[in-house]
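Visitor: Predicted structure and sequence below. I'll ask about it afterward.
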Amino acid sequence: MSAPQTILVRVTGLDRPGITSDLLTLLASLDAELQDMEQVVVRRQLTLGLAVLVPAGRDLVKEVLLFGWERGLDIDFEIVDATPTRHAKRHVITTLAPELSPGALARTSGAIAASGGNIDRIHRLSRFPVWSYEFLVEGGDLNKLQSSLMDVAAQELIDIAVQPHGLSRRSSRLVVLDVDSTLIRNEVIDLLAEEAGCGDEVALLTAAAMRGEVDYLEALEQRVALLKGTSVAAIDRAIARMVLTPGARTFIRTLRRLGYRIAIISGGFTHFTDRLAEQLGLDHAHANRLEIVDGVMTGRIEGDIVDAKAKATLLEVIADAEGVPLEQTVAVGDGANDLPMLQKAGLGIAFNAKPVLQGAADTAVNVPYLDAILFMLGVTREEVEAADASDAPSDSHVA
């Protein structure tokens, strides 16, 4: 070898402790310079790639082949160009569904290639409660990539998210959640209305407001007016009927373990959000305040109403109080009144959302498990299980 060369070393075989450290020790003894390295283990089968700059006069190939023979490993070599400086932007593509078939993953990979992107790495995040994979992609036309992947998502009935690759993705330190039909399965005003005997009328107004068919503020005032004369005892009965969305406790517990701050912003009422914050250990809770006089609801709301605009403003206020840049915030919601909040956040996630939100959010999650959102954040199932104590309460009634 007359001049230094960059060699790509590929190691495959049965994984066992010490292979990587022993090989790196050998390379160091040969004065080789490590330029890049990637390792993957699938079902105990190791694939290890290293790009090394070999000094002139060093017979690296012979020494590494002997290393592999002694350990029953297959080793290939290829002379390559020196590691280039990266210029192309990188993105993370996350796919998620109850089942991910080879066909669905093939179409995802094909859409990435058709956009001019190159897949650097594929990593499985979870097999339970859903399957999810993460693709690290370099280059490509972002608009074409997003359009092609959304077509794949629609045709294969899977969820796909496209996010910039960088520290801000895993350093997102504030998650803001809607409450009704997001953190909980219920609409709290519907629960109150059922206790007040006007359930059907209020439910119709709620559904229309969440679809964006009627003005949210007007619909809220009409619904609250129907509660006039109802005893506050109805509130406790309604709270007792709240049911958490499946995976909610796991979602919150994992975020807390990973150091996230968690807030809820609701168009519902403080009696409900205060109870949720207490039970789940949340950091912030904002909602409307029912006016109550002599133990009876007056049919009015005290103070400013938490509508769509207020939700977005509160997200900014909480992020500022926590010292978290907006690009490192995540907002999750399901209704039309969540849209400004989702657009304001660094990542807006439509969770089993109404059509008006599905098409406008950064990404959508359409499985019935709130903890599936963790995988969109790059959290693995192993990290979830580490936060999931064996004696943790189930994701069901709050109280």
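Guide: Here it is on my side, so go on. Numbers count the residues shown, from 1 in each chain.

Visitor: all strands of the stretch 1-150 of the chain, in order?
Guide: Secondary structure of the stretch 1-150 of the chain (DSSP state E, counting those that start in this stretch): strands at 5-14, 33-42, 45-54, 74-80, 90-97, 118-126, 131-138.

Visitor: Which neighbours in the sheet does the second one have, and how are they oriented?
Guide: When pairs are called by DSSP bridges, strand 33-42 turns out to pair with strand 45-54 (antiparallel).

Visitor: Please, where are all the helices along the stretch 201-350 of the chain?
Guide: Using DSSP state H, counting those that start in this stretch, the helices of the stretch 201-350 of the chain run over residues 216-225, 233-240, 248-257, 270-280, 308-322, 339-344.

Visitor: So for the third one, mean pLDDT?
Guide: The reference is to helix 248-257. For helix 248-257, the mean pLDDT works out to 94.

Visitor: That one relative to helix 270-280, how many degrees between them?
Guide: Going by axes from the mean of the first three to the mean of the last three CA atoms, to 10 degrees, helix 248-257 is angled at 70 degrees with respect to helix 270-280.

Visitor: Skipping adjacent residues, who's closest to Asn118 in space?
Guide: Glu138 (5.1 Å; CB to CB, 6 or more residues apart in numbering). Yep, even glycine has a C-beta here, placed from its N, CA and C like the rest.

Visitor: The one you found: how many residues sit nearby?
Guide: Glu138 has 17 neighbours, counted by other CB atoms under 10 Å.

Visitor: repeat for Asp294
Guide: 6.

Visitor: how close does it sit to Ile301?
Guide: 17 Å (CB to CB, to the nearest Å).

Visitor: Which among the helices of the stretch 201-350 of the chain is found nearest to Pro4?
Guide: Using CB to CB as the measure, helix 248-257 is the one of the helices of the stretch 201-350 of the chain that comes nearest Pro4, at 46.3 Å.

Visitor: buried stuff in the closest one?
Guide: Using 16 or more other CB atoms under 10 Å as the test for burial, helix 248-257 gives Ala248, Arg249, Thr250, Phe251, Ile252, Arg253, Thr254, Leu255, Arg256.

Visitor: So what's the gap between it and the chain middle?
Guide: When distances are taken as CA atoms, centre = their mean, to the nearest Å, helix 248-257 is centred 12 Å away from the chain's centroid.

Visitor: got any ranges where the stretch 151-300 of the chain has weak pLDDT?
Guide: 167-172 (pLDDT under 70).

Visitor: Could you pull out the strands in it for me?
Guide: 159-164, 174-177, 261-269, 284-293, 296-302.

Visitor: tell me the domain ranges of this structure?
Guide: Following automatic domain parsing, the chain resolves into domains at 5-80, 90-165, 175-188+242-387.

Visitor: I'd like these laid out as TSV, including distance to Arg211.
Guide: Shown next, in TSV, are those (distance: least, CB to CB, whole Å):
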stretch	distance to Arg211
domain 5-80	45
domain 90-165	20
domain 175-188+242-387	5
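
Visitor: Deepest in the core, which of these is it.
Guide: Among the domains of the chain, domain 175-188+242-387 has the highest mean neighbour count (mean count of other CB atoms under 10 Å), at a mean of 20.

Visitor: I'd like the strands of the stretch 151-300 of the chain laid out as CSV, including distance to Asn352.
Guide: Converted to CSV, the strands of the stretch 151-300 of the chain look like this (distance: least, CB to CB, whole Å):
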stretch, distance to Asn352
strand 159-164, 11
strand 174-177, 13
strand 261-269, 17
strand 284-293, 21
strand 296-302, 27
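
Visitor: Relative to Met210, which of those is closest?
Guide: strand 261-269 (9.5 Å).

Visitor: which secondary structure element contains Ala361?
Guide: Here Ala361 sits in a region with no helix or strand, counting by DSSP states H and E.

Visitor: and it, what does it touch?
Guide: Applying CB atoms under 8 Å, 6 or more residues apart in numbering, we find Ala361 in contact with Leu339, Leu342, Gly348, Ile349, Ala350, Ala353.

Visitor: Nearest to Leu34, out of these: which one, please.
Guide: Closest to Leu34, out of all of the contacts of Ala361 and judged by CB to CB, is Ile349, at 38.4 Å.

Visitor: how about CSV for the helices of the stretch 201-350 of the chain, with distance to Leu125 added?
Guide: CSV is the format used below for the helices of the stretch 201-350 of the chain (distance: least, CB to CB, whole Å):
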stretch, distance to Leu125
helix 216-225, 35
helix 233-240, 35
helix 248-257, 13
helix 270-280, 24
helix 308-322, 26
helix 339-344, 22
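
Visitor: Out of those, flag the one nearest Thr12.
Guide: helix 248-257 (33.8 Å).

Visitor: Measure how that closest one sits relative to strand 261-269, angle-wise.
Guide: If you take the same axes, to 10 degrees, helix 248-257 sits at 140 degrees to strand 261-269.

Visitor: Send over helix 248-257 as CSV, restricted to the C-alpha atoms.
Guide: The C-alpha trace of helix 248-257 is given here as CSV (Å, rounded to 0.1, in the frame of the first residue of the first chain):
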residue,chain,number,x,y,z
ALA,A,248,-52.8,7.8,28.3
ARG,A,249,-51.1,6.9,31.6
THR,A,250,-48.2,5.2,29.7
PHE,A,251,-47.8,8.2,27.5
ILE,A,252,-47.7,10.7,30.4
ARG,A,253,-45.5,8.4,32.5
THR,A,254,-42.9,8.0,29.7
LEU,A,255,-42.8,11.7,28.9
ARG,A,256,-42.2,12.5,32.6
ARG,A,257,-39.4,9.9,32.8
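
Visitor: picking that back up, nearest to Ala372, out of the helices of the stretch 201-350 of the chain?
Guide: Nearest of the helices of the stretch 201-350 of the chain (CB to CB): helix 248-257, 8.6 Å.

Visitor: Dig out what Ile292 forms beta bridges with.
Guide: Met297.

Visitor: still on that earlier bit, what about the helices of the stretch 201-350 of the chain, which gets the closest to Leu174?
Guide: Ranking these by their distance to Leu174 (criterion: CB to CB) puts helix 308-322 first, at 5.6 Å.

Visitor: nearest to Leu226, of the domains of the chain?
Guide: Comparing the domains of the chain by CB to CB, domain 175-188+242-387 comes nearest, at 7.3 Å.
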